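S.K.: Provided below are the primary sequence and the corresponding predicted coordinates.
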Amino acid sequence: MDKILINNFIRAKEVRVISETGEQLGIMNVFNAIDLAKSKGLDLIQVTEKVEPPVCRIANYGKYLYSQQKKEKKMAKPKGGELKEIRLTFGISPHDMEVRAKQSQKFLNEGDKVKVNMALRGREKAMGNFAREKLQKFLESLNLLIPIKTEREIKREPRGFTTIVSKSSSKT
């Protein structure tokens, strides 16, 4: 919505008026409608100009603007589908692994995909098999909490291992 016209900025001669309670008041002269709104301590706000005569609502302009901004924000925000990252370390404790699994479960329930990243540093890189087993154990514990589907298999990268999982659509 570009510019919302209110009160004396409305250009039409006649408007269809809706009261603050949502009740249709019918078609009336724009000046009479503005006077009616002012008498209630409110504004006459043009809701749409696509119809003839334009539709106007009697409401508090500030509150109306706020509700429109909230609607636009809600429409613009896509729900889910993001890629969230969980980082594990080589020496992660079993309790910390549980905490990360619960966090991953939360992300998956919101519809996001989770990239599990195990960073290896220094001599840890030489013990890749141990790190891979630890990552596999994490995925198994996560699978007990929520059924998961592997989007990308465990992959060796220069700085460690990564895999991407999402929520499995089939219920078991």
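M.R.: Arrived safely.

S.K.: what mean pLDDT does the longest helix belonging to the chain have?
M.R.: Counting residues, the longest helix in the chain under DSSP state H turns out to be helix 128-145. Averaged over helix 128-145, pLDDT sits at 89.

S.K.: try stretch 13-20
M.R.: Across stretch 13-20, pLDDT averages out at 90.

S.K.: go on, stretch 72-92?
M.R.: Rounded mean pLDDT across stretch 72-92 is 81.

S.K.: then that stretch to PDB, C-alphas only?
M.R.: The C-alpha trace of stretch 72-92 is given here as PDB (Å, rounded to 0.1, in the frame of the first residue of the first chain):
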ATOM      1  CA  GLU A  72       2.400  -6.700   5.800                       C
ATOM      2  CA  LYS A  73       5.100  -8.000   8.100                       C
ATOM      3  CA  LYS A  74       3.200 -11.300   8.600                       C
ATOM      4  CA  MET A  75       2.700 -11.700   4.800                       C
ATOM      5  CA  ALA A  76       6.400 -11.000   4.100                       C
ATOM      6  CA  LYS A  77       7.800 -13.500   6.600                       C
ATOM      7  CA  PRO A  78       8.000 -17.000   5.100                       C
ATOM      8  CA  LYS A  79       7.600 -19.700   7.700                       C
ATOM      9  CA  GLY A  80      10.200 -22.500   7.800                       C
ATOM     10  CA  GLY A  81      12.500 -23.700   5.100                       C
ATOM     11  CA  GLU A  82      15.600 -22.000   6.400                       C
ATOM     12  CA  LEU A  83      18.900 -23.800   6.900                       C
ATOM     13  CA  LYS A  84      19.900 -23.700  10.600                       C
ATOM     14  CA  GLU A  85      23.300 -24.900  11.700                       C
ATOM     15  CA  ILE A  86      24.300 -27.000  14.700                       C
ATOM     16  CA  ARG A  87      28.000 -27.100  15.500                       C
ATOM     17  CA  LEU A  88      29.500 -30.100  17.300                       C
ATOM     18  CA  THR A  89      33.100 -30.300  18.600                       C
ATOM     19  CA  PHE A  90      35.400 -33.300  18.600                       C
ATOM     20  CA  GLY A  91      35.300 -33.600  22.400                       C
ATOM     21  CA  ILE A  92      31.600 -32.900  22.900                       C
END
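
S.K.: returning to that earlier point: now for the longest helix of the chain, which elements pack on it?
M.R.: Under the contact criterion of 3 or more C-beta pairs under 8 Å, 6 or more residues apart in numbering; DSSP states H and E, helix 128-145 touches strand 83-89, helix 94-109, strand 113-119, strand 148-157, strand 160-167. For the C-beta atoms, the positions are set from N, CA and C on the backbone; glycine is no exception.
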